[in-house]
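Undergrad: below are the sequence and a predicted model for it; my questions follow.
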Amino acid sequence: QWQLVESGGGLVQAGGSLRLSCTASGRSLRVYRVAWFRQAPGKEREGVSFISSAGGRTVYSDSVKGRFTISRDNVKNMVWLQMNALKTEDSGVYYCAAVVNIGEEKGLETTGYDYWGQGTQVTVSS
């Protein structure tokens, strides 16, 4: 069974940057829409950014717009989330999620994705 694998999390000071990576073991992501979600302790999981299967369409939550950039390379089977100007409120576990490119796009809706990674911890210190 294939799975999504995230990496790149860590501890960074406020104002710093991190780049998260997501790949799929055992399957091509080429036909999947991919999104990043995050969950802080005691809070609900929230959508951060979305990218269409070919990469032509991206969506960002208001809280990260202008600071985060999502991208993908279907040849390398990778999706990235470049996070700049990090704030303490960006801390949490970041998850990569995917759904086949069929039907209506769900964007940043958590219920719109069938496959999830295990998550990678991002901690932003003040």
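TA: Everything's here; your move.

Undergrad: all contacts plus neighbour counts: C-alpha atoms, from now on.
TA: Noted.

Undergrad: center of the protein - which residue?
TA: In the chain, the residue lying closest to the centroid (C-alpha atoms, centre = their mean) is W36, at 2.1 Å.

Undergrad: beta-bridge partners for it, please?
TA: Here W36 sits in beta bridges with S49, C96, going by DSSP bridges.

Undergrad: so where's the chain shaky on pLDDT?
TA: Within the chain, not a single segment meets pLDDT under 70.

Undergrad: please enumerate the strands of the protein.
TA: Ranges of strands in the chain, per DSSP state E, are 3-7, 10-13, 18-25, 32-39, 46-51, 58-60, 68-73, 78-83, 92-100, 115-116, 120-125.

Undergrad: G47 against S61, yeah?
TA: Yes - between G47 and S61 there is a contact under C-alpha atoms under 8 Å: 6.8 Å.

Undergrad: what do the two both touch?
TA: By C-alpha atoms under 8 Å, 6 or more residues apart in numbering, G47 and S61 have these common neighbours: L108.
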